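A.B. asks: how would this look folded up:
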Amino acid sequence: MAAKDAWAFYCAHAAGENMNATLVLGGARSGKSRYAESLCAKPRVYVATAQAFDAEISARIAKHQQQRGPAWTTVDAPIDLLGALKAHDKAGQWVLVDCLTLWLTNLVMAEKDCEFEISALVAMLANARGNLVFVSNELGLGLVPETLLGRRFRDLHGIMNQRMAAACDTVVLLVAGLPLALKGRLPSPR
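C.D. replies: Just a heads-up that it's a prediction; the model follows:
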């Protein structure tokens, strides 16, 4: 966590602000999205970062929307995640971001300043009024990517996960559908 982000985080907690941010990590098909959804009470907003570039992804998005049902308000934010969070950040509101990995992918592909965007997201957490749940993949356990772009992405992703984990109140790792508390107490489904 950068010194500026750490200071903002400290000030928010020292002032007694009600920050409730949870980071849910896991590998592909670990159950992280389903678990993260179970943590959110109504009213709830689902901030989707996926972009439908092909038929398979379009089908996955449609399946996720159908499984969530009408109890969720869905907001598409493939790049402007901070704007979507600010627009829906209010006391009592639950906001689920699924997922940070796709958001970072979109930033890299759009040639955005990823480190700036990550810093802005982390800084935003210190002033959040609602309940935020973030989903992200754990990529650091696999092979070293073959390409320069792949290694750059893996490194940025690892830095993002570290900074988000430092800033969030609770961090949960999903392995084979089982939640493991890494930081804070294991949240109960709502």
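
A.B. asks: Centre-most residue in the protein?
C.D. replies: Residue closest to the average C-alpha location in the chain (CA atoms, centre = their mean): residue 134, at 2.7 Å.

A.B. asks: distance of it from residue 146?
C.D. replies: Distance, residue 134 to residue 146, by CB to CB, to the nearest Å: 28 Å. All C-beta atoms are positioned from the backbone trio N, CA, C, and that covers glycine.

A.B. asks: pLDDT wise, what is the residue of the chain positioned farthest from its centre at?
C.D. replies: Distance from the C-alpha centroid of the chain, by CA atoms, centre = their mean, peaks at residue 146 (26.0 Å). Residue 146 is assigned a predicted lDDT (pLDDT) of 91.

A.B. asks: List of residues touching the helix ranked longest in the chain?
C.D. replies: When every helix of the chain is counted residue by residue (DSSP state H), the longest turns out to be helix 148-167. Under the contact criterion CB atoms under 8 Å, 6 or more residues apart in numbering, helix 148-167 has outside partners 1-2, 5-6, 9, 21, 23, 25, 100-101, 104-105, 108, 114-115, 118-119, 121-122, 125-126, 134, 136-140, 144-145, 171, 182-183.

A.B. asks: Keep only those of the residues you listed that are in strands.
C.D. replies: 21, 23, 25, 134, 136-137, 171, 182-183 (DSSP state E).

A.B. asks: Which members of these are classed as buried?
C.D. replies: Among the ones in strands among the contacts of helix 148-167, those classed as buried by 16 or more other CB atoms under 10 Å are 21, 23, 25, 134, 136-137, 171.

A.B. asks: what mean pLDDT would you report for the helix or strand harbouring residue 34?
C.D. replies: If you go by DSSP states H and E, residue 34 is part of helix 32-38. For helix 32-38, the mean per-residue pLDDT is 94.

A.B. asks: Quick one: list the elements packing against it.
C.D. replies: If you count contacts as 3 or more CB pairs under 8 Å, 6 or more residues apart in numbering; DSSP states H and E, helix 32-38 packs onto strand 20-26, strand 94-98, strand 131-137, strand 170-175.

A.B. asks: nearest to residue 61, of those strands?
C.D. replies: Closest to residue 61 of those is strand 94-98 (CB to CB; 10.7 Å).

A.B. asks: now the angle from that closest one to strand 20-26?
C.D. replies: Using axes from the mean of the first three to the mean of the last three CA atoms, to 10 degrees, the inter-axis angle of strand 94-98 relative to strand 20-26 is 30 degrees.
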